[in-house]
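Undergrad: Here is a sequence with its predicted model. Questions after.
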Amino acid sequence: MPIDPITLEVVRNYLQRVSEEMEATVIRTAHSIAIYDSKDFVCGVLDSEPSLLSASLGTPIFPNALPYAVRTTYEIIGKEHLDPEDVIICNDPYYGGGTHGNDMVALYPVFLDGKLIAFTGFKGHVLDIGGSKPSGYYNNTTEIYQELFRIPPVKLYRKGELNEEVVRLILINNRLPDELMGDFRAMVAALKTGGKRIRDLVSKYSYAKFVEYTQELLNQSEKFARNKISRLPEGRYEGEYFLDGDGDDNQPISRRLKVNMKVLIKDGELTIDLSESSPQSRGPMNSAKANSISFAKFAYKSLVDPFSPVNDGTFRPLKVILKNGTIFDPVSPAPVALWIETAQGLIDLLFKVLSTAAPDKVRGSTFGSDVVNFIYGTDPRNKRFYVIVDTLQGGWGGNPDSDGATLYATSEGNSTYPMTEMLEANYPLLVHRWELIQDSCGAGKFRGGLGVRRDYEMLSSAHITACYDRHLYSPPWGVLGGGEASTNYLVINSKRGTSEEHTKITDYPLDRGDVISFRTGGGGGYGNPLERNTDDVLRDVLLGYISEVKARQDYGIVIDKNGTIVQEETRLLRESMRKKRS
């Protein structure tokens, strides 16, 4: 019988609501602030193939890792060895996890009448999972064994019973076992809630109808994506940029790792080829294969179909080419702690590569790096060990019709930052400032967003690990004539009066009274700055976004001491700048 469009929409929206209900369950029950407040996780529904059917709005690179985790579960545990009420977990970047050790995957096989009909899935950041230092991010590792306690797919629950041996093995290798166990319980509660909803849906329509209608949803997404790709100019395109390196500031292992991207658009399909990127590095700036594919999918969807819900049908017209032994497909036990710094820029690079071919769909570069900071120590107020997961906002690039915003890095998606009051109440620090950085944006017809400065004073001794990139070799770039933006770095002002600037440091000691100043980069500009509306430039000056000096240098706008544009001097200066630019 033909597909009923009303039923199809009911199924489509039902699946999306299931993912969102799971997300709400996690937020209400998780123990770690990275999950319940920052929302560094995602929940999803998959069929048994496995294909992703829906996902919540959390961290946008995580949903694409869930099918990979299910396939790895089939390989290691065996599809035939899954039972009702099992819960599988994994975190190994090479065997099911995809990103890094602190990003935990949990899967719940959904059975009905003894038949495996679907999966519900979770992927999110837990505060600690072993490794040589707290945090899970390192700048000085040379093999993955230094970074995490590796967990391939294993059963956390067997037929509804907690697997005590596995739990003891994991918790004894964890610095924050209470928080981790609380997060495990939140994951399981959410997955089982989603599983019940899927059983209700299949019981109502039958399994045959469930398969028929979910396949139609995937087919529709595929057709929609192919239609979007067919509107792009066919051809081959290429571009590259360079990562700063893969070691601590004071002990660099290597420099100038190359990210090369070739794009082929033909016959309604799009190919992203990363095979000519640098060989895998000795340090941790490697991205495991599953993670690299997830980021490539994320970049592709941002270009082709950014607004529709996520499912695997959208990605059928995409082909990703990797080369084994490179930074995007390293060979175990290569370290992968800075996976996000390596793969983060793929979306910016795809827009750069296609900027002339599809100027209405691209933007200037974002600030690029995930600017991850981890502060950890023992709180003198309660004698408890703590870990702060601290990611910062920065500038996004100018768009074809608007200025760039100030947001989290692209991979952080729907994440939020804890309130200052919550930080100060939970951790021994004082927040001195949190402000936009003047002149940090790239100039353009539409300027980039501004970077952010945030200063913490430590109220007790601690350590910090910080991971920034896009500072030395490839500052946030503009497109179609737009200008570069400022870069990412941090400054540690010691109570002894010294000041040090860093981008990558591991386990750096902090004393009571030290002030850490985090500085993120801005977004690149879009289009020729001399085409920017003069009133918009004046507004930016009056709001403090840019200085009068930058208004003159980048835009040719002369502003007097009364805050008004000097029209004739501005006209002559802009004419001179246009001649030089041409």
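TA: Structure's in. What do you need?

Undergrad: How far away from the center of its chain is stretch 309-323?
TA: Centroid displacement of stretch 309-323 relative to its chain, using Cα atoms, centre = their mean, to the nearest Å, is 17 Å.

Undergrad: How about stretch 538-558?
TA: In this view, stretch 538-558 has its centroid 32 Å away from the chain centroid, taken as Cα atoms, centre = their mean.

Undergrad: ok, now stretch 84-94?
TA: Stretch 84-94 has its C-alpha centroid displaced from the chain centroid by 22 Å (Cα atoms, centre = their mean).

Undergrad: then it to CSV, C-alphas only?
TA: C-alpha atoms of stretch 84-94 as CSV (Å, rounded to 0.1, in the frame of the first residue of the first chain):
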residue,chain,number,x,y,z
PRO,A,84,16.7,-7.7,26.0
GLU,A,85,17.7,-5.2,28.7
ASP,A,86,21.4,-5.2,27.9
VAL,A,87,23.2,-1.9,28.0
ILE,A,88,26.5,-1.6,26.1
ILE,A,89,29.1,1.1,26.8
CYS,A,90,32.4,2.0,25.1
ASN,A,91,34.8,4.9,24.8
ASP,A,92,37.8,3.6,22.8
PRO,A,93,38.4,6.0,19.9
TYR,A,94,39.5,3.1,17.7
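
Undergrad: and it, which residues are buried?
TA: 86-94 (16 or more other Cβ atoms under 10 Å). (C-beta placed from N, C-alpha, C; glycine too.)

Undergrad: quick one: the helices in the stretch 451-582 of the chain?
TA: Under the criterion DSSP state H, counting those that start in this stretch, the stretch 451-582 of the chain carries helices at the ranges 534-543, 548-555, 567-581.

Undergrad: out of those helices, deepest packed?
TA: helix 548-555 (a mean of 19; mean count of other Cβ atoms under 10 Å).

Undergrad: quick one, that helix and helix 534-543 angle?
TA: Here helix 548-555 runs at an angle of 150 degrees relative to helix 534-543 (axes from the mean of the first three to the mean of the last three Cα atoms, to 10 degrees).

Undergrad: So which residues make contact with helix 548-555?
TA: Applying Cβ atoms under 8 Å, 6 or more residues apart in numbering, the contact partners of helix 548-555 are 439, 443, 483, 529-530, 532, 534, 537-538, 540-541, 546, 557-559, 573-574.

Undergrad: go with 7 Å
TA: Applying Cβ atoms under 7 Å, 6 or more residues apart in numbering, the set of residues contacting helix 548-555 from outside is 439, 443, 483, 529-530, 532, 537, 541, 557-559.

Undergrad: And Leu156, how far from Glu21?
TA: 21 Å (Cβ to Cβ, to the nearest Å).

Undergrad: Which residue of the two possesses the greater neighbour count?
TA: Ranked by neighbour count (other Cβ atoms under 10 Å), Leu156 and Glu21 place Leu156 first, with 21 against 17.

Undergrad: okay, now Ala118: neighbour count?
TA: Counted with other Cβ under 10 Å, the neighbours of Ala118 add up to 29.

Undergrad: brain fart, Ser582
TA: Per other Cβ under 10 Å, the neighbour tally for Ser582 reads 5.

Undergrad: Just the pLDDT for it.
TA: Ser582 is assigned 81 on the pLDDT scale.

Undergrad: what's the answer for Asp103, then?
TA: Asp103 is assigned a pLDDT of 93 by the prediction.

Undergrad: surely it meets Gly96?
TA: No: with contact defined as Cβ atoms under 7 Å, Asp103 does not count as touching Gly96 (10.7 Å).

Undergrad: Name the member of the contacts of helix 548-555 with the most neighbours.
TA: Ala443 (32 neighbours).

Undergrad: and that residue, which of the three is it?
TA: Ala443 falls in the coil class when you classify it by DSSP: H, G, I helix; E, B strand; the rest coil.

Undergrad: mind starting the numbering at 13 from now?
TA: In the new numbering, first residue 13, that becomes Ala455.

Undergrad: how near is it to Gly143?
TA: To Gly143, Ala455 is 42 Å away according to Cβ to Cβ.

Undergrad: Now do the SS call for the residue minimising distance to the centre of the chain.
TA: By Cα atoms, centre = their mean, the chain has its centre lying nearest to Ser423, at 1.8 Å. Under the three-state scheme (three-state DSSP), Ser423 adopts helix.

Undergrad: which stretches of the stretch 13-162 of the chain have low pLDDT?
TA: Residue ranges of the stretch 13-162 of the chain with pLDDT under 70: none are present.

Undergrad: That one: strands as residue ranges?
TA: In the stretch 13-162 of the chain, the strands defined using DSSP state E, counting those that start in this stretch lie at 53-59, 64-67, 99-102, 115-124, 127-137.

Undergrad: which helices and strands sit right next to the third one?
TA: Contacts defined by 3 or more Cβ pairs under 7 Å, 6 or more residues apart in numbering; DSSP states H and E place strand 99-102 against strand 115-124, strand 166-170.

Undergrad: shouldn't Phe505 be in contact with Ser511?
TA: Heads up, residue 505 is Asn, not Phe. Yes: between Asn505 and Ser511 there is a contact under Cβ under 7 Å: 5.1 Å.

Undergrad: Between those two, point out the one with more neighbours.
TA: Asn505 (16 against 10).

Undergrad: list the contacts for that one?
TA: 511, 526-527, 529.

Undergrad: is it in a bridge, and if so with what?
TA: As for beta bridges, Asn505 partners with Ser511, Val527 under DSSP bridges.

Undergrad: Any figure for the gap between it and Thr532?
TA: Taken as Cβ to Cβ, the span from Asn505 to Thr532 is 17 Å.

Undergrad: Are there helices or strands packed against the longest helix seen in the chain, and which ones?
TA: Across the chain, the longest stretch assigned as helix under DSSP state H is helix 189-217. Packing contacts for helix 189-217, counted by 3+ Cβ pairs under 7 Å, 6+ apart, involve helix 17-41, strand 53-59, strand 115-124, strand 127-137, helix 176-183.

Undergrad: tell me the domain boundaries of the chain?
TA: According to automatic domain parsing, the chain comprises the domains 17-232, 375-539, 546-593.

Undergrad: still on that earlier bit, what's the closest of the helices and strands packed on strand 99-102 to Lys274?
TA: strand 115-124 (28.5 Å; Cβ to Cβ).

Undergrad: who touches that closest one?
TA: 77, 81-82, 85, 94, 96, 98-103, 108-109, 128-138, 199, 203-204, 207, 210-211, 214-215, 219.

Undergrad: Okay, now the sheet partners of it, with direction.
TA: Going by DSSP bridges, the partners of strand 115-124 are strand 99-102 (antiparallel), strand 127-137 (antiparallel).

Undergrad: Turn these into a markdown table, including distance to Glu224.
TA: Formatted as a markdown table, those follow (distance: least, Cβ to Cβ, whole Å):
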| stretch | distance to Glu224 |
| --- | --- |
| strand 99-102 | 27 |
| strand 127-137 | 13 |
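
Undergrad: So for Thr71, which of those strands sits nearest?
TA: Short answer: strand 127-137, nearest of the strands paired with strand 115-124 by Cβ to Cβ, at 7.5 Å.

Undergrad: quick check: angle from the closest one to helix 17-41?
TA: Interaxial angle, strand 127-137 versus helix 17-41 (the same axes, to 10 degrees): 50 degrees.

Undergrad: between strand 127-137 and strand 53-59, how many degrees?
TA: Strand 127-137 and strand 53-59 are oriented at 160 degrees to each other (the same axes, to 10 degrees).

Undergrad: ok, and for strand 127-137, which residues are buried?
TA: For strand 127-137, burial by neighbour count (16+ other Cβ under 10 Å) applies to 128-137.
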